[in-house]
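> sequence below, structure please.
(2 chains)
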Amino acid sequence: MRIGVITFPGSLDDRDAQRAVRLAGGEPVALWHGSHDLEGVDALILPGGFSYGDYLRCGAIASLSPIMTEVVDAANSGMPVLGICNGFQMLTEAHLLEGGLIRNDHGSFICRDQVLTVENAATAWTSDFEAGQQITIPLKNGEGGFIADADTLDRLEGEGRVAFRYVDVNPNGSMRDIAGITNARGNVVGLMPHPEHAVEPGFGPDTAAAMRSGVDGLGFFTSVIRSALVEA
Amino acid sequence: MPTIVVDVMPKAELLDPQGKAVAGALSRTGHAAISSVRIGKRFELTVDGPVDDELRASVQQIADEILSNSVIEDVVNIDFGDAEPAADASTEA
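Reported below is the predicted structural model:
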């Protein structure tokens, strides 16, 4: 499976996302924000970082990039799209996902290994998890507070579209502890924490078994690859 | 050249961590009269041509769709300056 990772000016984790795809058994394809060509990929990742220096609003200028026209069309026709951190912010700015991300309520940048509950294990990016499963992946952001109006929050919860929720601590003031959401179809998923940083022993979060051995993020990438095989 | 000013503020019901931090600093420096601070954005858009009805509509759209995100912010003011609106936009072309 060929999975495109789009690099925007100021992207930070594009290479990490490519590496995660490779470790999961997929073929990463580097895509460029200024192009209109998705190069025939089967899925897309909008990586973390600080596109355009977070000018205007996080992800806002990147969401107006040339390639986003194709990303929106592909998402609306069912292609799996994963937005991580800045990529999640872009997906909300592009109206592919509801809500918005604002500055952390405590005002500080945060970087920690974060426990999440996978609430929806039926999306293109979560099918290798069990609903209710707890995973630990890194979280690092300054503007990760998820907000939406009460009606939208109720709808997201009612439709099972809260994909991930923070466990133990709410690290950024996100409403209802929401760490990530999905669209109704389940092909577009966005979250603030970083699965691509927990895909290889020696470089992931600490676990009870060994330091830095956590690979809970790998499931995101194996999920989308496996679901593509099932469909094919 | 006319300058159009657009003011955007975080929604009133949302926490504004930047404003809260500034309010904290004011409190620490003895400015007890200031009870709260909210921080927004001011955009100055310079235009080459006349500020006609078409441009006004365009700026309104830009303010609503690009300069602000209605999920988290409100456009609280658009000041088209002292330029008189064109009596008939079609004559400007």
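> what's the closest non-adjacent residue to the residue of chain B at minimum distance from chain A?
Residue nearest to chain A within chain B (C-beta to the nearest C-beta): residue B:71, separated by 3.9 Å. From N, CA and C alone the C-beta is placed, and that goes for glycine too. Distances taken as C-beta to C-beta, 6 or more residues apart in numbering or on different chains place residue A:100 nearest to residue B:71, at 3.9 Å, with adjacent residues excluded.
> can you name the residues bridging to that neighbour?
Per DSSP bridges, the residues bridged to residue A:100 are residue A:147.
> what's the answer for residue A:44, then?
Going by DSSP bridges, residue A:44 forms beta bridges with residue A:4, residue A:81.
> who touches it in this structure?
Taking C-beta atoms under 8 Å, 6 or more residues apart in numbering or on different chains, we find residue A:44 in contact with A:3-6, A:31, A:38, A:71, A:74-75, A:79-82.
> same list (these) but as a markdown table, adding pLDDT.
Formatted as a markdown table, the contacts of residue A:44 follow (pLDDT from 0 to 100):
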| residue | pLDDT |
| --- | --- |
| A:3 | 98 |
| A:4 | 98 |
| A:5 | 98 |
| A:6 | 98 |
| A:31 | 98 |
| A:38 | 98 |
| A:71 | 98 |
| A:74 | 98 |
| A:75 | 98 |
| A:79 | 97 |
| A:80 | 98 |
| A:81 | 98 |
| A:82 | 98 |
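> so which pair among those is furthest apart in space?
Farthest-apart pair in the contacts of residue A:44 is A:5 and A:75; separation 15.3 Å (C-beta to C-beta).
> which one's more surrounded, the two?
Legend: neighbour count by other C-beta atoms under 10 Å in any protein chain shown for residue A:5 and residue A:75, higher for residue A:5 (28 against 22).
> gap between residue A:161 and chain B?
16 Å (C-beta to the nearest C-beta, to the nearest Å).
> check contacts around that residue.
A:120, A:155, A:181, A:182, A:183, A:184.
> ok, which of these also contact chain B?
Applying C-beta under 8 Å from any C-beta of the partner chain to those, one finds that nothing falls near chain B.
> most neighbours among those, please name it.
residue A:181 (29 neighbours).
> distance between the helix or strand where it lies and the chain's centre?
Applying DSSP states H and E as the criterion places residue A:181 in strand A:178-182. Centre-to-centre, strand A:178-182 and its host chain are 9 Å apart (C-alpha atoms, centre = their mean, to the nearest Å).
> also stretch B:55-69?
10 Å.
> outside of it, which residues touch it?
Under C-beta under 8 Å, 6+ apart, the answer for stretch B:55-69 is A:56-57, A:60, A:64, A:93, A:100, B:4, B:6, B:8, B:41, B:43, B:45, B:47, B:49, B:70, B:74-75, B:78, B:80, B:85.
> quick one: average confidence on the next helix or strand after the strand holding residue A:181?
Counting by DSSP H and E, the next helix or strand C-terminal to strand A:178-182 is strand A:188-191. The average pLDDT for strand A:188-191 rounds to 98.
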